[in-house]
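**Student:** coordinates only, sequence not included:
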């Protein structure tokens, strides 16, 4: 039981970390996009990175439940 709760805590922390990194990148990427011109490569880069982080976060949540 103790090992299971530790595993749950580990997955929860991993999900929280990935969510924090995703949010930080979204804020930085958003300000970067607003200060620069909206080029296609910038938009694709932000979308790719944020969707990857979101997929990691949802996978962590699914493995918890």
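**Tutor:** Structure received. None of the values given here were measured: they were computed from a predicted structure. Numbers count the residues shown, from 1 in each chain.
**Student:** Could you check how far stretch 50-61 is from the centre of its chain?
**Tutor:** 6 Å (Cα atoms, centre = their mean, to the nearest Å).
**Student:** how far away is residue 28 from residue 7?
**Tutor:** As for residue 28, its distance to residue 7 is 32 Å (criterion: Cβ to Cβ, to the nearest Å). Where C-beta positions appear, they are placed from N, C-alpha and C, glycine not excepted.
**Student:** go on, residue 19?
**Tutor:** 19 Å.
**Student:** Show me which of those two is the more surrounded one.
**Tutor:** Each of residue 19 and residue 7 has its neighbours counted (other Cβ atoms under 10 Å); residue 19 has more, 16 against 12.
**Student:** which residues does the more buried one contact?
**Tutor:** Taking Cβ atoms under 8 Å, 6 or more residues apart in numbering, we find residue 19 in contact with 53, 57.
**Student:** so where does it fall, helix or strand?
**Tutor:** Following DSSP states H and E, one finds residue 19 within helix 2-35.
**Student:** Could you pull out the buried residues of that helix?
**Tutor:** For helix 2-35, a neighbour-count test (16 or more other Cβ atoms under 10 Å) marks 14-15, 18-19, 22, 25, 29 as buried.
**Student:** what's the next secondary structure element after it?
**Tutor:** Following helix 2-35 in sequence, per DSSP H and E, is helix 40-64.
**Student:** what mean pLDDT would you report for that following helix?
**Tutor:** Taken as a whole, helix 40-64 has a mean pLDDT of 75.
**Student:** now for it, which elements pack on it?
**Tutor:** When contacts are defined as 3 or more Cβ pairs under 8 Å, 6 or more residues apart in numbering; DSSP states H and E, helix 40-64 packs onto helix 2-35.
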